[in-house]
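# please find the sequence and the predicted model below.
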Amino acid sequence: MAETLIWLVAVPLAGAVAALLLPRQSTPIVSVTAVAASLVAGTLLYAVSEQGRLSYEIGGWSAGLGISLRADGLSALLLMMTALVALATSVYAAAYFNKAADRARFWPLWLLLWTSLNALLLSGDLFNLYVTLELLGLSAVALASLGGKTAAVQAALRYLLVGLLGSMMFLAGVSLIYAGYGTLDLSTLAGVVAAEPVAWTALALMTAGLLLKTALFPLHFWLPPAHASAPAPVSAVLSALVVKAAFYLVLRLWLDVFADLVTPAAANVLGILGAGAIIWGSWRALRTERLKVLAAYSTVAQLGYLFLFFPLLQALPPGPARDSAVGGLVILALTHGFAKAGLFLAIGIIQQRCGHDNIRELDGTAQRLPATTFAIALGGVALIGLPPSGAFLGKWQLIAASFATGQWLWILVTIAGSLLAAAYVFRVLGHAFGHQPYPQRPVTMAREEWPALILTAMAVLGLGLAGAPVWDLMEIGA
Amino acid sequence: MLTAHWLYVMTGCLIVALGLRTALLHTLLLHRLIGINVMGAGVFLVLITVAYRGPGLAPDPVPHALVLTGIVVAVSATALALALARRLTAEQDHG
């Protein structure tokens, strides 16, 4: 089953090259590739849940000079989310880009982005992580600039510079690690790193670079323009998956590799920045006039919740309480991925249909596009964290862990953030209802509306009612 | 030899710091891009120094492979940034 690991990278990569070489056939090529890559991700998830963690050495070269791929419960879950979000977004994008020339430009970059996400989630050593981070950043920037307008190119350029700066800091940390310990393999490193200046400096540099890429407050300034001016399918994956990839690395480094180095004070810094992100991001989402900017600021806020878990996990001793909290963190990240992707797709439909995304001028959208409005409402349920969404389970674990460790501040922040989220979601829904008659058929643009509905329903019902396997899978550690 | 070794590592760190300063404090795109590239050069200098294993011994191949890959990545990223910047200037010139 270990061969599945290489197929997860090879399938989308082959699809990207084929779509580039045969632009006229690119849409059927992408359809086949997207289905195949999703099936491989499903196989991997099944294999990891049956056999535990998997690893594969490309070409038989062992770690060191060779590239080794590995998957545990966390990476298998994130790979599955990537596949489902990317598959639904591919269906949507085929209808969204209505000119063949636009699709032909979009597909190769799109599959390259998918390839680099998969490769990043499977990489087991720091240098390959650096390379995949750069590949991800470059394909994301190229996709973000496809909007074509000056604002999109400007935002993409700023996104690229911030990304480059982040990767350079990450690479500086990586070179310090190699200088200090002579290895870059994550599992080997976990055994040899000691609490000493070289490891601290390296971890600080790598974390700073990654926080810039994951847009943690106050380093979020580049995210709203980049995510809000990109085409809708691109915004969906940028917000749902690309920032999560950098977050996944922070999680790996802090919880697995450098776990012995992390002090409560350092974890508290991440928690406080996360709290700042929740309050500031939600506030800006409430005050904005444009739907896409609202969704982008809500991403800033939702990433904040993930960082609140760091001080809690630091304070909890190993055991069932800590495992529950880790599961809560992962389910919150997964729910946000599905909900935000669906939300951006739904906003894209409104923008194409109405020619704008001004919240005040949504009047009657609920009557004209009922299925799209329903998708926005479902996504909103997940962003607020109402039951039965996966975010409800995640926030429940967050609050339970705050009670258990006596860290009251995070409970207040969670409540304030959820109230603000409810305010910005209901503000949109309030404007969406008008006085027009209700149409005969709720779904009016099937190919674009179904992906948005399915993704948001996955966040609310799929992960909320059937989220228990997430906790089982997280037991399969690195 | 230890002193020469440290001299290179410290120079590398200094170059990283200088590049970082330019990348953060300058507003002109080209300055920031060059700053990031200078930062990369510093990191590569540290990595090349790390490869040294003593007189008469072959250097460690891993850091060299890393530097080669790093250069390829830096060149491609710089190219993309310049391409985007050109498009931006072209659009601003047209109105």
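Cool, the structure landed. Predicted model only: the values in this text are computed from it and were never measured. Numbers count the residues shown, from 1 in each chain, chains lettered A, B, ... in the order given.

# switch to C-alpha atoms for all contacts and neighbour counts from now on
Fine.

# which residues in chain B form helices?
Ranges of helices in chain B, per DSSP state H, are B:2-25, B:29-50, B:61-94.

# so what touches the first one?
Residues from elsewhere that reach helix B:2-25 (CA atoms under 8 Å, 6 or more residues apart in numbering or on different chains): A:165, B:31-46, B:49.

# what subset of the residues you listed is buried?
Among the contacts of helix B:2-25, the ones that count as buried by 16 or more other CA atoms under 10 Å in any protein chain shown are A:165, B:31-33, B:35-46, B:49.

# so which bits of chain B are right by chain A?
Residues of chain B lying close to chain A by CA under 8 Å from any CA of the partner chain are B:23, B:32-33, B:36, B:39-40, B:43, B:46-47, B:50, B:62, B:66, B:69-70, B:73, B:77, B:80-81, B:84-85, B:87-88, B:91-92.

# of those residues, grab the buried ones for ChimeraX.
The following ChimeraX line selects those of the residues of chain B next to chain A that are buried, judged by 16+ other CA under 10 Å:
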select /B:23,32,33,36,39,40,43,46,47,50,62,66,70,73,77,80,81,84,85,88
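
# can you tell me the closest non-neighbouring residue to the most centrally placed residue in chain B?
Nearest residue to the geometric centre of chain B (CA atoms, centre = their mean): residue B:40, 1.4 Å. Using CA to CA, 6 or more residues apart in numbering or on different chains and skipping residues adjacent in sequence, the residue nearest residue B:40 is residue A:168, 6.4 Å away.

# the one you found is in contact with residue A:209, isn't it?
Yes - in this structure, residue A:168 is within contact of residue A:209 by CA atoms under 8 Å, at 7.4 Å.

# the strand or helix carrying the residue nearest to residue B:40 vs helix B:2-25, what angle?
Here residue A:168, judged by DSSP states H and E, is contained in helix A:150-181. Angle between the axes of helix A:150-181 and helix B:2-25 is 160 degrees (criterion: axes from the mean of the first three to the mean of the last three CA atoms, to 10 degrees).

# list the helices and strands helix A:150-181 packs on?
Applying 3 or more CA pairs under 8 Å, 6 or more residues apart in numbering or on different chains; DSSP states H and E, we find helix A:150-181 packed against helix A:126-144, helix A:197-214, helix A:223-229, helix B:29-50, helix B:61-94.

# run the last query once more with 6 Å
If you count contacts as 3 or more CA pairs under 6 Å, 6 or more residues apart in numbering or on different chains; DSSP states H and E, helix A:150-181 packs onto helix A:126-144, helix A:197-214, helix A:223-229, helix B:29-50.

# please identify the buried residues of the second one?
Within helix A:197-214, the residues scored as buried using 16+ other CA under 10 Å are A:198-200, A:202-214.

# restrict those residues to those near chain B?
The subset of those lying close to chain B, counting by CA under 6 Å from any CA of the partner chain, is empty.

# where does pLDDT dip in chain A?
Along chain A, the model assigns pLDDT under 70 to residues A:63-65, A:438-443, A:445, A:477-478.

# hmm, try it at 80
For chain A, the stretches with pLDDT under 80 are A:1-2, A:59-66, A:147-148, A:434-447, A:476-478.

# other SSEs contacting the biggest helix by length in it?
Looking across chain A with DSSP H, the single longest helix is helix A:320-354. Other helices and strands packing on helix A:320-354, by 3+ CA pairs under 6 Å, 6+ apart, are helix A:232-237, helix A:370-384, helix A:390-405, helix A:446-457.

# got the angle for that helix vs helix A:390-405?
Using the same axes, to 10 degrees: helix A:320-354 against helix A:390-405 is 150 degrees.

# angle of helix A:320-354 against helix A:370-384?
For helix A:320-354 against helix A:370-384, the angle by the same axes, to 10 degrees is 150 degrees.

# who touches the residue nearest to residue A:153 when sequence neighbours are not counted in this structure?
Excluding the flanking residues, the one nearest residue A:153 by CA to CA, 6+ apart is residue A:145, at 4.9 Å. By CA atoms under 6 Å, 6 or more residues apart in numbering or on different chains, the residues touching residue A:145 are A:152, A:153, A:156.

# wait, doesn't the last one sit right on residue A:141?
So the one you mean is residue A:156. Yes - applying CA atoms under 6 Å, one finds residue A:156 in contact with residue A:141, separated by 5.4 Å.

# for burial, what's the neighbour tally of residue 48?
Assuming you mean chain A. 23 (other CA atoms under 10 Å in any protein chain shown).

# to clarify, I was referring to chain B.
Neighbourhood size, residue B:48 [other CA under 10 Å]: 23.

# quick one: pLDDT of it?
As predicted, residue B:48 sits at a pLDDT of 90.

# any idea how far it lies from residue A:431?
Shown here: residue B:48 relative to residue A:431, a distance of 60 Å by CA to CA, to the nearest Å.

# ditto for residue B:64
According to CA to CA, residue B:64 stands 59 Å off from residue A:431.

# got the domain ranges for chain A?
A:1-122, A:124-262, A:275-478 (automatic domain parsing).

# so how far does the shortest one reach from one end to the other?
For domain A:1-122, the first-to-last residue distance is 14 Å (CA to CA).

# same question for the second one.
Across its full length, domain A:124-262 reaches 21 Å between end residues, using CA to CA.

# okay, buried residues for the one helix or strand residue A:18 maps to please.
Assigned by DSSP H and E, residue A:18 belongs to helix A:3-21. With burial defined by 16+ other CA under 10 Å, the residues of helix A:3-21 counted as buried are A:4-20.

# centre of the chain to it, how far?
From the chain centre to the centre of helix A:3-21 is a distance of 21 Å (CA atoms, centre = their mean, to the nearest Å).

# C-terminal to that helix, what's the next element?
Per DSSP H and E, the first helix or strand lying C-terminal to helix A:3-21 is helix A:26-51.

# that following helix to helix A:3-21, inter-axis angle?
Interaxial angle, helix A:26-51 versus helix A:3-21 (the same axes, to 10 degrees): 170 degrees.

# got the contact list for the next helix or strand after helix A:26-51?
Proceeding N to C from helix A:26-51, the next assigned helix or strand is strand A:54-57, under DSSP H and E. Contact with strand A:54-57 is made by A:2, A:68, A:69, A:70, A:71, as judged by CA under 6 Å, 6+ apart.

# got a ChimeraX select line for the buried ones in these?
Only the buried entries of those go into this ChimeraX selection, using 16+ other CA under 10 Å:
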select /A:2,68,69,70,71
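
# tally of neighbours for residue A:352?
Every residue meeting other CA under 10 Å relative to residue A:352 is counted, giving 12.

# ok, for residue A:190, nearest residue in space, not its chain neighbours?
Nearest residue to residue A:190 in three dimensions, chain neighbours excluded: residue A:257, at 4.3 Å (CA to CA, 6+ apart).

# turn the helices and strands packed on helix A:150-181 into TSV, including distance to residue A:93.
Conversion of those to TSV gives the following (distance: least, CA to CA, whole Å):
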stretch	distance to residue A:93
helix A:126-144	12
helix A:197-214	25
helix A:223-229	16
helix B:29-50	32
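
# for residue A:476, which of these is the nearest?
Proximity to residue A:476 (CA to CA) singles out helix A:126-144 among the helices and strands packed on helix A:150-181, at 21.0 Å.

# show me what the closest one is packed up against.
Packing contacts for helix A:126-144, counted by 3+ CA pairs under 6 Å, 6+ apart, involve helix A:100-122, helix A:150-181.

# may I see these arranged in CSV, with distance to residue A:446 as well?
Below are those laid out as CSV (distance: least, CA to CA, whole Å):
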stretch, distance to residue A:446
helix A:100-122, 19
helix A:150-181, 28
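
# residue A:321: which of the ones you listed is closest?
Proximity to residue A:321, assessed across those by CA to CA, is greatest for helix A:100-122 (26.1 Å).

# for that closest one, enumerate the helices and strands it packs against.
For helix A:100-122, the packing partners by 3+ CA pairs under 6 Å, 6+ apart come out as helix A:3-21, strand A:68-71, helix A:126-144.

# buried ones in it?
A:103-122.

# now stretch A:49-64
Within stretch A:49-64, the residues that count as buried by 16+ other CA under 10 Å are A:49, A:52, A:53, A:54, A:55, A:56, A:57, A:63.
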